[in-house]
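Undergrad: I'll drop the sequence and a predicted model, then ask my questions.
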Amino acid sequence: MDIKPLTYNGRDEGISVSLTTILKPGDDGSKISEAVVNLFPEASFDSMEEESFPSLQNMTIECLNLSLETFLAQIRQQAILDTAMDAMAKNLDGNTTQFSISRLAAFANKIAFTNEETPLGGCFKIRLEGSGLGDWIEAATWHNGRQEIPRQLHDELAMLQDGEASTWHQ
């Protein structure tokens with residue numbers, strides 16, 4: 001039997017979402033803003049002044065009270081739900097977690113989780129906070145394949161600490 005799961009969208013589910021990134025010399029503020037809005041359409045920013053090259057900017061951009069609706073839809077569309085579960089839960093500590101995604105991927109309307117190293121183009125740090133966050137992550141990333149290969153947070157099928165896959169299924 002194929003069970004249709006409840007689709008989570010991050011709205012009114014008790015999860016607080018914030019995003020931060022650092023705008024450094026050489027970064028184009030308008031492109032960074034566009035990348036954020038691609039995944040978090042309701043994000044708002046203070047106006048950023050156009051800097052001439054070479055820029056001396058070094059500022060932190062923070063967006064609070066974001067919705068994960070577009071983000072979750074994108075990980076479903078990209079079929080990276082298990083990777084998302086592992087990446088989102090890697091730093092899970094009680095009711096909070098933090099993970100990073102590539103700004104260049106976001107600019108292209110994609111999600112690419114980053115690991116320890118900062119990728120070319122920088123990254124967005126996303127912080128989730130809420131009661132029962134671990135259970136919410138499992139539910140929000142659920143897919144029909146888990147009926148055949150059950151998964152849960154931090155199981156033996158989780159990605160390794162360096163981001164590599166722990167097993168490959170044929």
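TA: Cool, got the structure. Numbers count the residues shown, from 1 in each chain.
Undergrad: so what sits opposite the most centrally placed residue in the chain in the bridge?
TA: In the chain, the residue lying closest to the centroid (C-alpha atoms, centre = their mean) is residue 101, at 5.5 Å. Beta bridges link residue 101 to residue 113, residue 124, judged by DSSP bridges.
Undergrad: surely it touches residue 115?
TA: No - with contact defined as C-beta atoms under 8 Å, residue 101 does not reach residue 115; the gap is 11.0 Å. The C-beta positions use only the backbone N, C-alpha and C, and glycine is treated the same way.
Undergrad: and the nearest residue to residue 122 once chain neighbours are set aside, how many neighbours?
TA: Nearest residue to residue 122 in three dimensions, chain neighbours excluded: residue 103, at 4.7 Å (C-beta to C-beta, 6 or more residues apart in numbering). For residue 103, the neighbour count with other C-beta atoms under 10 Å is 22.
Undergrad: next one: residue 31
TA: The tally of other residues near residue 31 (other C-beta under 10 Å) stands at 13.
Undergrad: and for the one 10 residues further on?
TA: Using other C-beta under 10 Å as the criterion, residue 41 is surrounded by 11 other residues.
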